[in-house]
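Visitor: Requesting a structural model of the entry that follows:
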Amino acid sequence: MLKVNHYSFNLAFEYPFTISKGTKTHQPTLIVSLGLGNWVGYGEAPAIAYYNVTVEGMIAALEAKRFVLERFALTDPQRFWHFLEHLLPGQHFLIAALDIAGWDLFAKMRRQPLYRLLGLNRNTIPLTDYTIGLDAPEVMVDKLKKHPAPIYKIKLRSADDIDVLRLLRAETDKPFRVDANEAFQFEEAKKLLSEWKKLGVTLVEQPLAKNEWEAMKELKVISPLPLFADESCVLETDVAKCKDAFHGINIKLTKCSGITPALRMITEARKLGLKVMMGSMNESTIGTAAVAHLMPLLDEVDADGPLLLQEDVATGLHYENGRIDVSEMPGLGVEFWGTICSDPQ
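Guide: Take a look at the predicted model:
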């Protein structure tokens with residue numbers, strides 16, 4: 001019989017984190033654990049306001065189904081995910097946390113790190129970027145100086161932010177990624193893409209609103225830079241729609257509902273000729289470790305959540321110049337120590 005616990009945190013950012021959709025100083029997050037005998041698996045789902053997801057809402061949904069959940073016989077993580085999809089319809093963030101915990105638990109029962117259980121080799125993996133959130137130009141420059149990285153992801157929200165890119169470019173020769181979070185109109189993006197390329201931008205995430213499919217198709221044809229879907233690619237059903245509108249997709253485990261559907265999304269993207277990136281939603285080490293174990297499957301990765309947070313709830317990842325190494329311990333290889341500051345509920 002599974003034993004389910006959950007833990008809530010409100011983790012402080014090092015800097016106020018601002019994107020085109022708003023600013024936050026803390027990241028609310030839910031950690032779930034699944035216990036079976038001597039083994040415990042952990043998963044995470046951060047709460048995101050613009051998706052109308054709260055920690056309290058996830059806890060309420062979990063508690064309402066605890067009795068049924070704890071009686072599930074976990075013999076296969078993929079079967080577990082299908083069970084969760086029927087048990088908790090529409091609860092993608094919560095399902096993601098439980099799915100990650102299920103994979104962590106299953107890999108521990110098999111006494112293997114997750115990446116090995118999946119048959120992956122970590123000899124060749126992409127480097128993560130470090131995100132520079134929107135702020136006063138001098139503060140953005142200061143963030144860059146204080147956080148040396150092989151790649152920087154720059155949040156932008158208006159055409160005037162080209163001046164910020166120029167200031168940042170004066171401080172480093174490292175590649176930039178632009179993340180617009182749907183901030184631009186077609187004509188703006190059309191004019192800016194060439195300028196961004198001149199400033200060393202190597203890819204652009206979600207320049208237009210998520211439903212602007214026809215405009216995105218036109219933009220893809222003329223773009224000198226690879227365009228990656230983020231808000232336009234949330235669930236498995238979105239992958240095929242991205243084929244003609246983007247060069248690649250950015251998969252978020254939290255949004256797509258976990259590792260199980262993410263693996264299928266990667267397979268489909270490859271069949272369609274799309275590049276694959278996996279991104280952060282400011283997860284702590286637990287949620288980020290799930291991404292780190294999947295990195296051999298990716299072309300690009302944005303897994304800098306623990307670097308942006310001033311607080312964490314676990315150990316088990318090692319960052320060095322953009323490379324993320326995982327522990328060779330079974331499962332995710334993380335040690336959850338958040339219980340010292342949060343009681344299970």
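Visitor: which one's the longest strand in this protein?
Guide: strand 3-19 (DSSP state E).
Visitor: chain center to the helix or strand just after that one: distance?
Guide: As assigned by DSSP states H and E, the chain's next helix or strand after strand 3-19 is strand 22-36. Centroid separation for strand 22-36 versus its chain: 13 Å, with Cα atoms, centre = their mean, to the nearest Å.
Visitor: May I see the buried residues of the longest strand of the chain?
Guide: 4, 5, 6, 7, 8, 9, 11, 13, 15, 17, 18, 19 (16 or more other Cβ atoms under 10 Å). The way it works is simple: take the backbone N, C-alpha and C, and place the C-beta from them, glycine included.
Visitor: Quickly list what the second one is bridged to.
Guide: Put plainly, it is residue 5. With DSSP bridges as the criterion, residue 5 is bridged to residue 33.
Visitor: Low-confidence ranges, this structure, go.
Guide: Applying pLDDT under 70 to the chain flags the ranges 338-345.
Visitor: how many other residues sit next to the nearest residue in space to residue 327 that is not next to it in sequence?
Guide: Leaving aside its sequence neighbours, residue 327 sits nearest to residue 333 (Cβ to Cβ, 6 or more residues apart in numbering; 3.0 Å). For residue 333, the count of nearby residues is 24 (other Cβ atoms under 10 Å).
Visitor: Tell me who's in contact with residue 333.
Guide: 113, 114, 289, 316, 326, 327 (Cβ atoms under 8 Å, 6 or more residues apart in numbering).
Visitor: What about these, which are in strands?
Guide: Using DSSP E, those in strands are residue 326.
Visitor: Show me which of the buried residues of strand 3-19 is closest to residue 65.
Guide: Distance to residue 65, by Cβ to Cβ, is smallest for residue 4 among the buried residues of strand 3-19, at 9.4 Å.
Visitor: just to revisit the earlier point, what separates the residue nearest to residue 327 from residue 41, distance-wise?
Guide: Distance from residue 333 to residue 41, counting by Cβ to Cβ, to the nearest Å: 12 Å.
Visitor: Which stretches in the stretch 151-300 of the chain count as helices?
Guide: Secondary structure of the stretch 151-300 of the chain (DSSP state H, counting those that start in this stretch): helices at 162-169, 186-198, 213-222, 236-239, 253-256, 259-271, 285-294.
Visitor: that older thread, so the residue nearest to residue 327, which state does it fall into?
Guide: coil (DSSP: H, G, I helix; E, B strand; the rest coil).
Visitor: Same question for residue 90.
Guide: coil.
Visitor: tell me the angle of the longest strand of the chain relative to strand 22-36?
Guide: Angle, strand 3-19 to strand 22-36, by axes from the mean of the first three to the mean of the last three Cα atoms, to 10 degrees: 160 degrees.
Visitor: how about strand 3-19 as CSV, C-alpha atoms only?
Guide: What follows is the C-alpha trace of strand 3-19 in CSV, where atoms were taken according to Å, rounded to 0.1, in the frame of the first residue of the first chain:
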residue,chain,number,x,y,z
LYS,A,3,1.9,6.0,1.7
VAL,A,4,1.3,9.6,0.4
ASN,A,5,2.7,12.7,2.0
HIS,A,6,2.8,16.3,0.8
TYR,A,7,4.9,19.3,1.9
SER,A,8,4.4,22.9,0.9
PHE,A,9,7.1,25.6,0.6
ASN,A,10,7.4,29.2,-0.5
LEU,A,11,10.9,29.5,-1.7
ALA,A,12,12.6,32.9,-2.0
PHE,A,13,14.3,33.9,-5.3
GLU,A,14,17.7,35.5,-5.2
TYR,A,15,16.3,38.4,-7.2
PRO,A,16,12.6,39.3,-7.8
PHE,A,17,11.7,37.2,-10.9
THR,A,18,10.0,39.2,-13.6
ILE,A,19,8.7,38.0,-17.0
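Visitor: which other helices and strands contact that strand?
Guide: Secondary-structure packing of strand 3-19 (3 or more Cβ pairs under 8 Å, 6 or more residues apart in numbering; DSSP states H and E): strand 22-36, helix 55-64, helix 305-308.
Visitor: pull the CA atoms of the second one into CSV?
Guide: Once non-C-alpha atoms are left out, helix 55-64 reads as follows in CSV (Å, rounded to 0.1, in the frame of the first residue of the first chain):
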residue,chain,number,x,y,z
VAL,A,55,-0.4,24.8,-3.8
GLU,A,56,-3.7,24.9,-1.8
GLY,A,57,-5.7,23.7,-4.8
MET,A,58,-3.3,20.9,-5.5
ILE,A,59,-3.4,19.7,-1.9
ALA,A,60,-7.2,19.8,-1.9
ALA,A,61,-7.3,17.7,-5.0
LEU,A,62,-4.8,15.2,-3.6
GLU,A,63,-6.6,14.9,-0.3
ALA,A,64,-9.9,14.3,-2.0
